[in-house]
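Asks: curious how this folds, go ahead:
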Amino acid sequence: MFDLILGFVIHPLTYITPLTEHLHNWVYLILFIWIFLETAFIVFSFLPGQSVLFLTGTIASAANSRLNIFILTITFIIAATSGAIVKYRYGVNIKSKNKIAKRISDSEKMNQTQEVFDENAKKSLIFSRFIPFVGLFIPIVAGTTQMDWHQFNKLNFIGVLLWVGICCFSGYFFGQTPFIKQYFTLIFLLLIIIPAIFQIIWRKLKNRPEEKA
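Replies: Model (predicted):
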């Protein structure tokens, strides 16, 4: 059992690729649900997003893979777009929600996100998915500020296209290179860990002037 777990951690593609072949077209539904949950609900924000996009793009690049990069891209775009819409609608009605919603609206991350959003609403919506953790709250803030529905949809869609396109096609075009194959596990883990590191650094830099004062 330990050898199986160790093998999965060291060489995930060896185990995941056959699994995607076994699931056939059901894998698209599973991936849709995965990204939808990660983008629609704060409680599922622990799920890795960009690393999964990169991973599946890498699998799709294999010569014998049944995964189609274009179907994957469409699946992820629909999932991420609809997930952000759920958060936006949640933000619109957050004042009438329960105590949990109040905690979210009063949380430090929501306050940080509000600051980022206020600086430039358009840019924050387009690039929010590349902002560690804070980006998870951007659609909610857009809803709480009553941002125009059509403007939100347009900017959200542009942001999703960038996020999905960069992550998926990076895996697709570079996934089969010797360097990526050799260090795939490290790269996969870094895609999960780096956002957390950036969040810690960002918070320390933000709090530094307050400490001096």
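Asks: grab the nearest non-local neighbour of Phe152.
Replies: Ala142 (5.3 Å; CB to CB, 6 or more residues apart in numbering). For glycine as for every other residue, the C-beta is placed from the backbone atoms N, C-alpha and C.
Asks: so the one you found, which of the three states?
Replies: The three-state label given to Ala142 by DSSP: H, G, I helix; E, B strand; the rest coil is helix.
Asks: test my guess that it contacts Tyr88.
Replies: Yes. At 5.6 Å, Ala142 counts as touching Tyr88 under the criterion of CB atoms under 8 Å.
Asks: more neighbours, the two?
Replies: Neighbours per residue, other CB atoms under 10 Å: of Ala142 and Tyr88, the larger number sits with Ala142, 27 against 22.
Asks: return the distance of that one relative to Phe76.
Replies: Note on Ala142: its distance to Phe76, by CB to CB, to the nearest Å, is 21 Å.
Asks: how about Ile180?
Replies: Distance from Ile180 to Phe76, by CB to CB: 20 Å.
Asks: for those two, work out which one has more neighbours and name it.
Replies: Phe76 (28 against 18).
Asks: skipping its backbone neighbours, what lies nearest the more buried one in space?
Replies: Per CB to CB, 6+ apart, closest to Phe76 is Val164, 4.5 Å.
Asks: all helices of the chain, in order?
Replies: 2-10, 12-23, 26-40, 50-60, 69-92, 99-105, 108-119, 121-127, 138-144, 149-174, 178-182, 184-212 (DSSP state H).
Asks: return the set of buried residues in the third one.
Replies: By neighbour count, with 16 or more other CB atoms under 10 Å as the criterion, the buried positions of helix 26-40 are Val27, Tyr28, Leu31, Phe32, Trp34, Ile35, Phe36, Leu37, Glu38, Thr39, Ala40.
Asks: include pLDDT when you put those into JSON lines, please.
Replies: Formatted as JSON lines, those follow (pLDDT from 0 to 100):
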{"residue": "Val27", "pLDDT": "88"}
{"residue": "Tyr28", "pLDDT": "92"}
{"residue": "Leu31", "pLDDT": "91"}
{"residue": "Phe32", "pLDDT": "94"}
{"residue": "Trp34", "pLDDT": "91"}
{"residue": "Ile35", "pLDDT": "93"}
{"residue": "Phe36", "pLDDT": "95"}
{"residue": "Leu37", "pLDDT": "92"}
{"residue": "Glu38", "pLDDT": "90"}
{"residue": "Thr39", "pLDDT": "91"}
{"residue": "Ala40", "pLDDT": "91"}
